[in-house]
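Undergrad: this one's structure only:
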């Protein structure tokens, strides 16, 4: 992505949600606010295994794969925290180091500055 004046630093953000309804609601609000260009919802094929109050727990989850600008990560994180059912929602960002120039241009144009 370096050297291209048509794109911005972009990221993929993973956010897990407890069910399809919560995922769709959150995804729609993220796109509506132009905090991301696109959100994929991976159906409930995930099982979360975690320790809470010294006990091992398992829960089904769905995964949101969010494509956005690096500069929107803070606002996106705050939006997720304010609109998520979990007290501590998962928000993990990974850099996009390359890709289709046309797609990355679309990502830039579909998100807020």
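TA: Sure thing, it's come through. This is a predicted model, so every value here is computed, not measured.
Undergrad: which parts of the protein are helices?
TA: 20-32, 73-83, 101-109 (DSSP state H).
Undergrad: turn the ones you listed into a markdown table, including distance to residue 51, mean pLDDT and mean neighbour count.
TA: (Each C-beta comes from the backbone N, C-alpha and C, glycine too.) Output for the helices of the chain, formatted as a markdown table (distance: least, Cβ to Cβ, whole Å; pLDDT from 0 to 100; neighbours: other Cβ atoms under 10 Å):
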| stretch | distance to residue 51 | mean pLDDT | mean neighbour count |
| --- | --- | --- | --- |
| helix 20-32 | 22 | 97 | 16 |
| helix 73-83 | 21 | 98 | 15 |
| helix 101-109 | 36 | 96 | 15 |
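Undergrad: output the below-cut-off pLDDT ranges for this protein.
TA: Judged by pLDDT under 70, the chain has its weakly predicted residues at 1-6.
Undergrad: which residues of it fall in strands?
TA: For the chain, applying DSSP state E gives strands covering 10-17, 38-52, 55-69, 92-95.
Undergrad: so for residue 104, which of the ones you listed sits nearest?
TA: Closest to residue 104 of those is strand 10-17 (Cβ to Cβ; 6.0 Å).
Undergrad: what's the angle between that closest one and strand 38-52?
TA: Interaxial angle of strand 10-17 relative to strand 38-52 (axes from the mean of the first three to the mean of the last three Cα atoms, to 10 degrees): 50 degrees.
Undergrad: nearest to residue 94, out of the helices of the chain?
TA: Of the helices of the chain, the one closest to residue 94 (Cβ to Cβ) turns out to be helix 73-83, at 10.9 Å.
Undergrad: nothing else from me, thank you.
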